[in-house]
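Student: Below is the sequence, then the predicted model.
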Amino acid sequence: MNFVCSFRAIAWLYIVFGSFAVLTGVAYVAIAMTQGGGDPAGAAIQALLALALVISSCYFLKKVPAALMALRLLTGLLIVFLLYNHANSGYQNNTGSWIGLMLYIVPLCFILFKLNSSGAKLFIENDEI
């Protein structure tokens, strides 16, 4: 039962924080486009990635088999984008910046490994609540 709850917890974390990321990303795009400056294209890509994570998590909770593969791919993309964004931010030599990045990357890697486990497939195939 704890194993099943942990997959539900991952999905709900993606839904809650992903929804917040979509809202803030769209707001950033709107501000950047109306007032100039910033990177509206990059923010739009990140908002779309967050929206895809939210949708995939909802389908994962409904036990749709394709949602598991989508969550695996989107989590991997999120890790790559976080590393890419950090590399291009100009804060590479700041120790606090690297520590902050690891606070995001380590849990995401744990989630990715958990989604790639055999238990994730069992969660989708199991019809019990």
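Tutor: Nice, thanks for sending it over.
Student: Who are the contact partners of the closest residue to Leu108 other than its chain neighbours?
Tutor: Closest residue in space to Leu108, ignoring its immediate chain neighbours: Ile79 at 5.2 Å, by Cβ to Cβ, 6 or more residues apart in numbering. Every C-beta, even on glycine, is put in place using the N, C-alpha and C of the backbone. For Ile79, the contacting residues are Ile105, Leu108, Cys109, Leu112, by Cβ atoms under 8 Å, 6 or more residues apart in numbering.
Student: redo that, cut-off 10 Å
Tutor: Contact partners of Ile79, counting by Cβ atoms under 10 Å, 6 or more residues apart in numbering, are Tyr104, Ile105, Leu108, Cys109, Ile111, Leu112.
Student: so how many other residues sit close to the first one?
Tutor: Using other Cβ atoms under 10 Å, the number of residues around Tyr104 comes to 14.
Student: Helix or strand: which one has it?
Tutor: helix 95-115 (DSSP states H and E).
Student: What helices and strands are in contact with that helix?
Tutor: Using 3 or more Cβ pairs under 10 Å, 6 or more residues apart in numbering; DSSP states H and E, the elements in contact with helix 95-115 are helix 2-35, helix 65-87, helix 118-125.
Student: Leu49 is nearest to which of those helices?
Tutor: Nearest of these to Leu49, taken as Cβ to Cβ: helix 65-87 at 6.3 Å.
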